[in-house]
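Engineer: Below are the sequence and a predicted model; questions follow.
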Amino acid sequence: MNIPVMMNALAYLIVPLLLGLWAQWKVKATFRQWSQVPSRSGVTGAEAAQEVLRSARVEGVKIERAEGFLTDHYNPATKTLALSADNYDGTSIAALGIAAHEAGHALQHAQGYAALGLRSVLVPVTIVANQVAFWVMLLGGFLINGSSPNYFVLNIAIGAYVVISLFTLITLPVEFDASARARKFLSETGLLDAEEDKGAKAVLDAAAWTYIAAFVAALGNLLYLIGRRRD
(Lines give C-alpha, C1' and ligand atoms only; values in the text may rest on other atoms or scores of the structure.)
Protein backbone atom coordinates (compact mmCIF):
# COMPACT_ATOMS: atom_id res chain seq x y z
CA MET A 1 0.00 0.00 0.00
CA ASN A 2 1.52 3.36 -1.04
CA ILE A 3 1.70 6.44 1.21
CA PRO A 4 -1.37 8.30 -0.22
CA VAL A 5 -3.49 5.16 0.21
CA MET A 6 -2.20 4.74 3.76
CA MET A 7 -3.10 8.35 4.57
CA ASN A 8 -6.60 7.85 3.18
CA ALA A 9 -6.97 4.69 5.25
CA LEU A 10 -5.91 6.61 8.35
CA ALA A 11 -8.36 9.46 7.72
CA TYR A 12 -11.34 7.45 6.58
CA LEU A 13 -11.02 4.14 8.44
CA ILE A 14 -8.88 4.37 11.55
CA VAL A 15 -10.27 7.65 12.92
CA PRO A 16 -13.90 6.41 12.69
CA LEU A 17 -12.79 3.16 14.35
CA LEU A 18 -11.33 5.09 17.28
CA LEU A 19 -14.51 7.18 17.52
CA GLY A 20 -16.56 3.98 17.63
CA LEU A 21 -14.43 2.52 20.41
CA TRP A 22 -14.72 5.74 22.39
CA ALA A 23 -18.51 5.79 21.89
CA GLN A 24 -18.84 2.22 23.15
CA TRP A 25 -16.77 3.06 26.22
CA LYS A 26 -18.79 6.25 26.80
CA VAL A 27 -22.19 4.57 26.72
CA LYS A 28 -21.11 1.73 29.01
CA ALA A 29 -19.43 4.07 31.51
CA THR A 30 -22.39 6.46 31.57
CA PHE A 31 -24.90 3.63 31.90
CA ARG A 32 -22.97 2.09 34.79
CA GLN A 33 -22.81 5.47 36.53
CA TRP A 34 -26.54 6.18 36.35
CA SER A 35 -27.60 2.56 36.85
CA GLN A 36 -26.32 3.01 40.41
CA VAL A 37 -28.70 5.91 41.05
CA PRO A 38 -32.24 4.79 41.92
CA SER A 39 -35.15 6.87 40.68
CA ARG A 40 -37.34 8.51 43.30
CA SER A 41 -40.48 7.06 41.69
CA GLY A 42 -39.23 3.52 42.37
CA VAL A 43 -40.85 2.07 39.24
CA THR A 44 -39.06 -0.49 37.08
CA GLY A 45 -38.04 0.08 33.50
CA ALA A 46 -40.82 -2.22 32.31
CA GLU A 47 -43.37 -0.25 34.32
CA ALA A 48 -41.99 3.05 33.00
CA ALA A 49 -42.25 1.84 29.40
CA GLN A 50 -45.83 0.71 30.04
CA GLU A 51 -46.70 4.09 31.57
CA VAL A 52 -45.26 5.96 28.59
CA LEU A 53 -47.32 3.80 26.23
CA ARG A 54 -50.44 4.26 28.36
CA SER A 55 -49.99 8.02 28.51
CA ALA A 56 -49.62 8.15 24.72
CA ARG A 57 -52.62 5.83 24.30
CA VAL A 58 -50.59 3.26 22.40
CA GLU A 59 -51.95 -0.27 22.72
CA GLY A 60 -50.95 -3.74 21.56
CA VAL A 61 -47.23 -3.46 22.38
CA LYS A 62 -45.73 -6.41 24.22
CA ILE A 63 -42.98 -5.65 26.72
CA GLU A 64 -40.60 -8.51 27.40
CA ARG A 65 -37.25 -9.25 28.99
CA ALA A 66 -34.24 -9.73 26.68
CA GLU A 67 -30.98 -11.54 27.33
CA GLY A 68 -27.65 -9.71 27.35
CA PHE A 69 -26.26 -6.31 28.30
CA LEU A 70 -27.90 -3.25 26.73
CA THR A 71 -29.75 -5.37 24.18
CA ASP A 72 -32.84 -3.15 24.45
CA HIS A 73 -34.78 -2.65 21.22
CA TYR A 74 -38.22 -2.24 19.66
CA ASN A 75 -39.35 -4.50 16.82
CA PRO A 76 -42.03 -2.79 14.68
CA ALA A 77 -42.81 -6.04 12.84
CA THR A 78 -43.98 -7.80 16.01
CA LYS A 79 -44.77 -4.68 18.09
CA THR A 80 -42.44 -6.05 20.76
CA LEU A 81 -40.46 -3.87 23.15
CA ALA A 82 -37.54 -5.87 24.54
CA LEU A 83 -35.61 -4.65 27.58
CA SER A 84 -32.41 -6.17 28.91
CA ALA A 85 -32.75 -7.58 32.42
CA ASP A 86 -30.96 -4.61 34.03
CA ASN A 87 -33.48 -2.24 32.51
CA TYR A 88 -36.59 -4.45 32.65
CA ASP A 89 -36.33 -5.00 36.40
CA GLY A 90 -34.12 -2.04 37.32
CA THR A 91 -35.43 1.09 39.03
CA SER A 92 -32.43 3.28 38.25
CA ILE A 93 -32.46 6.53 36.29
CA ALA A 94 -30.57 4.75 33.51
CA ALA A 95 -33.15 1.93 33.36
CA LEU A 96 -36.06 4.35 33.11
CA GLY A 97 -34.34 6.47 30.48
CA ILE A 98 -33.55 3.53 28.20
CA ALA A 99 -36.93 1.87 28.71
CA ALA A 100 -38.73 5.12 27.85
CA HIS A 101 -36.47 5.54 24.81
CA GLU A 102 -37.57 2.17 23.45
CA ALA A 103 -41.17 3.07 24.22
CA GLY A 104 -40.49 6.19 22.16
CA HIS A 105 -39.88 3.95 19.15
CA ALA A 106 -43.25 2.28 19.76
CA LEU A 107 -44.83 5.74 19.76
CA GLN A 108 -43.09 6.54 16.48
CA HIS A 109 -44.46 3.34 14.99
CA ALA A 110 -47.99 3.99 16.21
CA GLN A 111 -47.96 7.55 14.88
CA GLY A 112 -46.43 6.67 11.50
CA TYR A 113 -43.13 8.46 11.99
CA ALA A 114 -41.73 8.55 8.45
CA ALA A 115 -38.04 8.05 9.26
CA LEU A 116 -38.80 4.91 11.29
CA GLY A 117 -40.87 3.51 8.43
CA LEU A 118 -38.08 4.17 5.95
CA ARG A 119 -35.51 2.59 8.24
CA SER A 120 -37.70 -0.50 8.64
CA VAL A 121 -37.95 -0.83 4.84
CA LEU A 122 -34.16 -0.62 4.56
CA VAL A 123 -33.43 -3.24 7.25
CA PRO A 124 -33.44 -6.35 4.97
CA VAL A 125 -31.43 -4.55 2.27
CA THR A 126 -28.93 -3.33 4.86
CA ILE A 127 -28.49 -6.83 6.28
CA VAL A 128 -27.50 -8.05 2.82
CA ALA A 129 -25.27 -5.00 2.29
CA ASN A 130 -23.45 -5.66 5.57
CA GLN A 131 -22.84 -9.29 4.60
CA VAL A 132 -21.58 -8.27 1.16
CA ALA A 133 -19.32 -5.58 2.63
CA PHE A 134 -17.88 -8.00 5.19
CA TRP A 135 -16.97 -10.69 2.69
CA VAL A 136 -15.76 -8.27 0.02
CA MET A 137 -13.49 -6.48 2.49
CA LEU A 138 -12.29 -9.78 4.01
CA LEU A 139 -11.72 -11.83 0.88
CA GLY A 140 -11.34 -9.09 -1.69
CA GLY A 141 -9.45 -6.53 0.34
CA PHE A 142 -6.21 -7.16 -1.53
CA LEU A 143 -8.06 -6.51 -4.81
CA ILE A 144 -9.17 -3.12 -3.47
CA ASN A 145 -6.08 -1.93 -1.64
CA GLY A 146 -3.48 -2.87 -4.21
CA SER A 147 -1.76 -0.39 -6.52
CA SER A 148 -4.25 -1.33 -9.27
CA PRO A 149 -7.62 -1.99 -7.63
CA ASN A 150 -10.13 -4.36 -9.19
CA TYR A 151 -12.96 -2.00 -10.13
CA PHE A 152 -15.62 -4.71 -10.28
CA VAL A 153 -14.98 -5.69 -6.65
CA LEU A 154 -14.56 -2.03 -5.71
CA ASN A 155 -17.93 -1.10 -7.20
CA ILE A 156 -19.65 -3.90 -5.26
CA ALA A 157 -18.09 -2.62 -2.03
CA ILE A 158 -19.10 0.97 -2.85
CA GLY A 159 -22.69 -0.10 -3.50
CA ALA A 160 -22.84 -1.95 -0.19
CA TYR A 161 -21.53 1.04 1.75
CA VAL A 162 -23.93 3.43 0.02
CA VAL A 163 -26.77 1.36 1.50
CA ILE A 164 -25.10 1.10 4.91
CA SER A 165 -24.35 4.82 5.02
CA LEU A 166 -27.94 5.68 4.10
CA PHE A 167 -29.29 3.36 6.78
CA THR A 168 -27.06 4.75 9.52
CA LEU A 169 -27.89 8.31 8.44
CA ILE A 170 -31.64 7.68 8.66
CA THR A 171 -31.11 6.03 12.05
CA LEU A 172 -29.90 9.33 13.56
CA PRO A 173 -33.20 11.30 13.53
CA VAL A 174 -35.06 8.12 14.57
CA GLU A 175 -32.91 7.74 17.68
CA PHE A 176 -32.81 11.45 18.54
CA ASP A 177 -36.58 11.71 18.24
CA ALA A 178 -37.14 8.62 20.42
CA SER A 179 -34.93 10.12 23.13
CA ALA A 180 -36.81 13.44 22.98
CA ARG A 181 -40.12 11.60 23.32
CA ALA A 182 -38.75 9.55 26.23
CA ARG A 183 -37.65 12.57 28.25
CA LYS A 184 -40.92 14.40 27.52
CA PHE A 185 -43.11 11.56 28.78
CA LEU A 186 -40.88 10.75 31.77
CA SER A 187 -41.26 14.38 32.84
CA GLU A 188 -44.98 14.67 32.11
CA THR A 189 -45.83 11.45 33.95
CA GLY A 190 -43.70 12.41 36.94
CA LEU A 191 -41.54 9.30 36.68
CA LEU A 192 -38.42 11.49 36.73
CA ASP A 193 -38.07 14.96 38.19
CA ALA A 194 -36.02 17.77 36.68
CA GLU A 195 -32.85 16.76 38.52
CA GLU A 196 -33.18 13.11 37.52
CA ASP A 197 -33.80 14.13 33.92
CA LYS A 198 -30.17 15.26 33.75
CA GLY A 199 -29.09 11.68 34.37
CA ALA A 200 -31.49 10.27 31.79
CA LYS A 201 -30.24 12.85 29.28
CA ALA A 202 -26.62 11.87 29.97
CA VAL A 203 -27.40 8.19 29.31
CA LEU A 204 -29.37 8.87 26.14
CA ASP A 205 -26.80 11.36 24.82
CA ALA A 206 -24.04 8.79 25.38
CA ALA A 207 -26.07 6.17 23.51
CA ALA A 208 -26.56 8.63 20.65
CA TRP A 209 -22.81 8.72 20.11
CA THR A 210 -22.84 5.04 19.13
CA TYR A 211 -25.22 5.86 16.27
CA ILE A 212 -23.15 8.86 15.24
CA ALA A 213 -20.02 6.69 15.29
CA ALA A 214 -21.74 4.04 13.15
CA PHE A 215 -22.63 6.65 10.54
CA VAL A 216 -19.11 8.14 10.57
CA ALA A 217 -17.61 4.65 10.17
CA ALA A 218 -19.91 3.77 7.25
CA LEU A 219 -19.28 7.12 5.58
CA GLY A 220 -15.54 6.77 6.15
CA ASN A 221 -15.51 3.39 4.43
CA LEU A 222 -17.56 4.78 1.55
CA LEU A 223 -15.30 7.81 1.04
CA TYR A 224 -12.20 5.63 1.22
CA LEU A 225 -13.58 3.28 -1.45
CA ILE A 226 -14.63 6.18 -3.66
CA GLY A 227 -11.13 7.56 -3.29
CA ARG A 228 -9.69 4.23 -4.43
CA ARG A 229 -12.09 4.33 -7.37
CA ARG A 230 -10.54 7.63 -8.47
CA ASP A 231 -6.93 6.49 -8.10
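Structural biologist: Looks like it arrived, so ask away.
Engineer: could you pull out the helices for the chain?
Structural biologist: Assigned by DSSP state H, the chain shows helices spanning 3-9, 15-34, 45-55, 85-88, 93-110, 114-139, 141-145, 151-188, 194-230.
Engineer: what would those helices look like in a markdown table with mean pLDDT and mean neighbour count?
Structural biologist: Bear in mind the C-beta positions are built from the backbone N, C-alpha and C, glycine included. Below are those laid out as a markdown table (pLDDT from 0 to 100; neighbours: other CB atoms under 10 Å):
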| stretch | mean pLDDT | mean neighbour count |
| --- | --- | --- |
| helix 3-9 | 54 | 13 |
| helix 15-34 | 93 | 16 |
| helix 45-55 | 96 | 22 |
| helix 85-88 | 96 | 21 |
| helix 93-110 | 97 | 27 |
| helix 114-139 | 92 | 15 |
| helix 141-145 | 67 | 15 |
| helix 151-188 | 94 | 19 |
| helix 194-230 | 92 | 19 |
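Engineer: Of those, which is nearest L70?
Structural biologist: Each of those was scored for nearness to L70 using CB to CB, and the closest is helix 15-34 (6.6 Å).
Engineer: Give the other helices and strands that the closest one contacts.
Structural biologist: Other helices and strands packing on helix 15-34, by 3 or more CB pairs under 8 Å, 6 or more residues apart in numbering; DSSP states H and E, are helix 93-110, helix 194-230.
Engineer: So which residue is smack in the middle of this protein?
Structural biologist: Y211 (4.3 Å; CA atoms, centre = their mean).
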